[in-house]
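Asker: Next come a sequence and a model predicted from it.
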Amino acid sequence: MLAGAAAVWSARLSEPGSSAGERLVEAALAAAPAPPADETLASALSSRPLHKVLLPRARVTPQISKTARSLLDRPMGSQTILDIDGSAYAFAVECHYHSPESGITPTGWHKGVTVYALEP
């Protein structure tokens, strides 16, 4: 398990099954191990629908960045929901693009991980 990522949590999305990506998340969650005995966050996540909100770059912590990099070996289109420091995040493996003028590497199209905050 990743350091700082306490567990994989089950979370209902706002419109379950409404997109291929959400169906992938639901399938992954169904196969996830049971949460630990302390189910405070797990209970909160499963008791209300959550929305995926793109995590602004300013809110990306070193732990979130490290976790995203560790998921790059997962298949394109896969999504993983993790708890990091008491907050739930969805990590989606997707195609990314950085123009050569942006100064961000790698340039061009490449495999990347987009991070979403799961919020009520």
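Answerer: In hand now; what should we look at?

Asker: where does the protein dip in pLDDT?
Answerer: 1-48 (pLDDT under 70).

Asker: In it, mark out all the helices, start to finish.
Answerer: In the chain, the segments counted as helices under DSSP state H are 20-30, 40-47, 62-70.

Asker: Next, work out how far apart the closest residue in space to His98 that isn't next to it in sequence and Tyr89 are.
Answerer: Counting by CB to CB, 6 or more residues apart in numbering, His98 lies nearest to Ile104, which is 4.3 Å off, once chain neighbours are set aside. Just so you know, the C-beta spots here come from the backbone N, C-alpha and C atoms, and that holds for glycine as well. Applying CB to CB, to the nearest Å, the value for Ile104 to Tyr89 is 21 Å.

Asker: With Tyr97 instead?
Answerer: Here Tyr97 is placed at a distance of 22 Å from Tyr89 (CB to CB).

Asker: With Met76 instead?
Answerer: 19 Å.

Asker: Between those two, which has more neighbouring residues?
Answerer: Tyr89 (23 against 9; other CB atoms under 10 Å).

Asker: May I ask you to confirm that the more buried one is in contact with Ser65?
Answerer: No. The criterion here is CB atoms under 8 Å, and Tyr89 misses it with Ser65 at 11.4 Å.

Asker: Tell me which residues touch the nearest residue to Ala90 once chain neighbours are set aside, please.
Answerer: Nearest non-adjacent residue to Ala90, counting by CB to CB, 6+ apart: Tyr116, 4.3 Å away. Counting by CB atoms under 8 Å, 6 or more residues apart in numbering, Tyr116 touches Lys52, Val53, Leu54, Leu55, Tyr89, Ala90, Phe91, Ala92.
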